[in-house]
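Trainee: Starting from these lines, generate the structure:
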Amino acid sequence: MTPDAFLALLHTHWPMTLAALDGDRRARLRDGLRDLAGAGDRKSVERALRTLRQQLRALPFDHPVARELKVTVRYAPAPAAPTVDRALLGELLDVFADPPPDPGELLRTAHERLWRTPALDPAELAPEAADDPASAGLIRLSRSGAGDRYPRFQFVPGTAETRPVVRRVNHILMADKDPWGAADWWLGGNGRLAGVPAELIDTVPDEDLTRAALELVGGR
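Mentor: Alright, predicted model coming up:
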């Protein structure tokens, strides 16, 4: 994983990443990003990346960033004249304005991104899905006062029929217990698949999606 790929991974899951860390680690993560912004040679880039990786080790094992770093353990060496995506780096650092980021607000930001994805309402579900809408086969995102939404990628285009591969993967991801985490896996970048899983349905073999999910949970 190159430095820019690492920054892109953080950018995709930034609010959820910060919300999962305590205040000290968020501050060290900020310092690592600032060091990376000021790095002018290969050694200083690699030193800043080491600082960032050390803080990310505290993420829960099933966090999307932790999962990706587990699959792509090694980082490509920084070039002698490093080029870091300054726009991405600036957006990551923008979060650290005064006052310090509030974990609850960060998590709400992450959930808002997932909530805005195209979705079906419960009344639009096919009969077989409506029979058990809380099953692990479907991601159901719920908000107090706003009802439930079922991300659209889970269904065959133009229908309300659930895609078989989505049901298999959602069972693996235990979507009934952690629907937001399952949605983030589908809608975030995935290093193993080199893309966003939800956008790769019908493009890559179903077995590849299933295998990527199994790798995440340790093959169970």
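
Trainee: low pLDDT regions in this structure?
Mentor: When residues are selected by pLDDT under 70, those of the chain lie in 1, 71-83, 98-101, 103, 126-136, 218-220.

Trainee: For the protein, just list every one of the strands.
Mentor: 119-120, 141-143, 147-151 (DSSP state E).

Trainee: what's the domain layout of the protein?
Mentor: 3-107, 117-216 (automatic domain parsing).

Trainee: Can I get these in a markdown table including mean neighbour count?
Mentor: For glycine as for every other residue, the C-beta is placed from the backbone atoms N, C-alpha and C. A markdown table is the format used below for these (neighbours: other C-beta atoms under 10 Å):
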| stretch | mean neighbour count |
| --- | --- |
| domain 3-107 | 16 |
| domain 117-216 | 17 |
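
Trainee: The strands of the chain: which one's closest to Asn170?
Mentor: The closest of the strands of the chain to Asn170 is strand 147-151. By C-beta to C-beta, the value is 10.3 Å.

Trainee: what's the closest one in contact with?
Mentor: Strand 147-151 is touched from outside by 114-115, 117-122, 125, 129, 133, 138-142, 183, 186-187, 198, with contacts defined as C-beta atoms under 8 Å, 6 or more residues apart in numbering.

Trainee: Is it correct that Gly32 is in contact with Thr51?
Mentor: Yes: the criterion here is C-beta atoms under 8 Å, and Gly32 meets it with Thr51 at 3.7 Å.

Trainee: still on that earlier bit, of the contacts of strand 147-151, which belong to helices?
Mentor: Leu114, Trp115, Ala129, Ala183, Trp186, Leu187, Ala198 (DSSP state H).

Trainee: and which of these is nearest Ala160?
Mentor: Nearest to Ala160 among those: Ala129, at 7.0 Å, using C-beta to C-beta.

Trainee: just the helices in this protein please.
Mentor: 3-12, 14-19, 23-38, 42-56, 64-71, 86-94, 103-115, 127-130, 164-172, 179-187, 197-200, 206-216.

Trainee: if I look at Arg30, how far off is Pro151?
Mentor: Separation of Arg30 from Pro151 (C-beta to C-beta, to the nearest Å): 32 Å.
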